[in-house]
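1. Quick one, what's the 3D model for this:
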Amino acid sequence: MSETPAAAKARSLHRTICALLAIGLASPALAQPAAVSVDPVRVLVKRLDLERYKATIKALTKFGDRRQGTARNRAATDWIEAQLKSYGCTNTERLKYTFGEEPVHRVAPAKAVVAAGSEEPGLSVGGGRSRGFTRPTGVNSDPAAQPDARLRALNAPPAVPGMREQVYCTKIGTAHPEEMYIVSAHMDGIGFGEAANDDGSGTALVMELARVFSSPDVQTDRSIRFILWNNEETGLNGAKAYVEQRAALQGRESPAGSGRYPEPKWLGVMQHDMMLFDHGMPGADGSLSPVQRPEADVNIEYQASSKLAARSQELAWALQAANERYASDYPAAVGRHMTNTDSTPFMDLVPAVSLRENERGAQVGSGWDPQWHQPTDLYATYSDKDFLLGLNAAQTTLAATARLAGATLR
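-> Numbers count the residues shown, from 1 in each chain. Below you'll find the predicted structure:
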């Protein structure tokens, strides 16, 4: 029986398809699906881990409040340096300076609850008008206010005038080692607690970023310096000493022709100071919610009155964009009243921002964080949601820094 034209056409088509399939199976180039592009920033962000972040904060609290000018402060500095080296950030250095008597801190007197629009002094340092109700704030200077006998004894020795040290390490850029971003936090605290939030939370964040960027499979076009300031609580003295000693050295190759830049040119400063506690505004009776507020977010601040306000604002928005794309749980908000933080000495020299839990002037300074400089600033005070807020700040800065510095994976 002869084959019909339709059957012949179908058989021919079948043979063609089989031939094409055979070619595809035999040719890896045709058989394999197209390669999927890997986002190195997302890979790096996923290397941050909540439990690791918590563990680093917990380890810092074993040194008590880490008050500057004390043996516990020096022991904490030694521990931080050892940890940085263990992460692979082995080119650690110390900046040394001398500091005298610290200011006398006293507990603030009780104040009446103040309504919005109040002109009461001292509640809006550096910009940002207080809104709603405020709560008394101050620095605890009474060791007896700490009920834990072990912690009270650990924090008892006072600060002694003399030499101070602060540690830093650097991820060297492969294309532009002569330029760098600074990622920083202060490691000292006060108040006779554990300084878990102020500023163990920021210190742990910077250390975690140093760990991720120091992985041998990570390279960056530009350098990144991870700095743990000392003497923040006495008036930003550690950061000021760094600016005084290092600003004039920026971008100088030393030795000449070596390709080494001891102080690369500053491209931006990202400071981290108190990352955990966002429980909202005090109530009419001065009380605060025991749980995190639903609107909790990461605050990114620049100083609108600084000489480089426009460029600092650009840096702040770069961080906000990174948060929007890479942070897992919390959004970021940009504000214009950066104050009382270690990025302040830099703000007229380089774009500078500060990340924290609340607005420094309008909120923290108005009692939104009851643990601030108090014996209750303990690791045990904070919940996993509080720590997760800090981790999201770490995700935000890591992602932004990776994009700005040109991070890639080998």
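2. Distance of the closest residue to residue 320 other than its chain neighbours relative to residue 297?
-> Spatial nearest neighbour of residue 320, excluding adjacent residues (Cβ to Cβ, 6 or more residues apart in numbering): residue 332 at 4.8 Å. C-betas here are computed from N, CA, C, even on glycine. From residue 332 over to residue 297 the distance is 6 Å, taken as Cβ to Cβ, to the nearest Å.
3. Neighbour count for these two, which is higher?
-> Neighbour count, other Cβ atoms under 10 Å: between residue 332 and residue 297, residue 332 has more, with 22 against 18.
4. From residue 355, how far out is the more buried one?
-> For residue 332, the distance to residue 355 - Cβ to Cβ - is 8 Å.
5. At which residues are the helices of the protein located?
-> 5-26, 28-31, 40-45, 50-60, 71-86, 149-154, 202-213, 237-246, 309-326, 384-405 (DSSP state H).
6. Of those, which is nearest residue 364?
-> Closest approach to residue 364 among the helices of the chain (Cβ to Cβ): helix 202-213, 13.2 Å.
7. Alpha carbons only: can I get that closest one in CSV?
-> Extracted in CSV, the C-alpha atoms of helix 202-213 (Å, rounded to 0.1, in the frame of the first residue of the first chain):
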residue,chain,number,x,y,z
GLY,A,202,27.3,48.4,66.2
THR,A,203,30.7,46.8,67.0
ALA,A,204,29.4,43.3,66.2
LEU,A,205,27.9,44.6,62.9
VAL,A,206,31.3,46.0,61.8
MET,A,207,33.1,42.8,62.8
GLU,A,208,30.6,40.7,60.9
LEU,A,209,31.1,42.8,57.8
ALA,A,210,34.9,42.5,58.2
ARG,A,211,34.4,38.7,58.4
VAL,A,212,32.3,38.5,55.2
PHE,A,213,34.5,40.8,53.2
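8. what's the angle between it and helix 50-60?
-> Angle of helix 202-213 versus helix 50-60, following axes from the mean of the first three to the mean of the last three Cα atoms, to 10 degrees, is 130 degrees.
9. Poorly predicted segments of the stretch 251-400 of the chain, please.
-> Applying pLDDT under 70 to the stretch 251-400 of the chain picks out no residues at all.
10. quick one, strands of it?
-> 265-272, 298-301, 332-335, 352-356 (DSSP state E, counting those that start in this stretch).
11. Comparing those, which comes out most buried?
-> Across these, averaging neighbours per residue (mean count of other Cβ atoms under 10 Å) puts strand 352-356 on top, at a mean of 30.
12. Packing partners of that one?
-> With contacts taken as 3 or more Cβ pairs under 8 Å, 6 or more residues apart in numbering; DSSP states H and E, strand 352-356 sits against strand 265-272, strand 298-301, helix 309-326, helix 384-405.
13. Please export the C-alpha coordinates of that strand as PDB.
-> What follows is strand 352-356, C-alpha atoms only, in PDB (Å, rounded to 0.1, in the frame of the first residue of the first chain):
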ATOM      1  CA  ALA A 352      29.300  60.700  56.100                       C
ATOM      2  CA  VAL A 353      26.300  59.000  57.500                       C
ATOM      3  CA  SER A 354      25.200  57.200  60.700                       C
ATOM      4  CA  LEU A 355      23.000  54.200  61.000                       C
ATOM      5  CA  ARG A 356      21.000  53.500  64.200                       C
END
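14. Nearest to the spatial middle of this protein, which residue is it?
-> Centroid check for the chain by Cα atoms, centre = their mean gives residue 272 as the closest residue, at 4.2 Å.
15. Off-centre distance for stretch 168-186?
-> Its chain's C-alpha centre and that of stretch 168-186 lie 14 Å apart, by Cα atoms, centre = their mean, to the nearest Å.
16. Can you give me the end-to-end span of it?
-> End-to-end span of stretch 168-186 (Cα to Cα, to the nearest Å): 11 Å.
17. and it, which residues are buried?
-> 168-173, 176-186 (16 or more other Cβ atoms under 10 Å).
18. Just the buried residues of stretch 304-315, please?
-> Neighbour counts over stretch 304-315 (16+ other Cβ under 10 Å) mark 306, 308-309, 311-313, 315 as buried.
19. wait, I meant stretch 214-222
-> Within stretch 214-222, judged by 16+ other Cβ under 10 Å, the buried ones are 214, 218-220, 222.
20. Just the ones of those residues in strands?
-> If you go by DSSP state E, the buried residues of stretch 214-222 have 218-220, 222 in strands.
21. still on that earlier bit, thought residue 343 was touching the residue nearest to the centre of the chain, still the case?
-> No: here residue 272 does not reach residue 343: they are 9.4 Å apart, not a contact under Cβ atoms under 8 Å.
22. Overlap in contacts, the two.
-> By the contact definition Cβ atoms under 8 Å, 6 or more residues apart in numbering, residue 272 and residue 343 are jointly contacted by 184, 354.
23. Isn't residue 382 up against residue 196?
-> Yes: judged on Cβ under 8 Å, residue 382 makes contact with residue 196 at a distance of 6.7 Å.
24. So which of these two has more stuff around it?
-> Just comparing residue 382 and residue 196: by other Cβ under 10 Å the higher neighbour count belongs to residue 196, 27 against 21.
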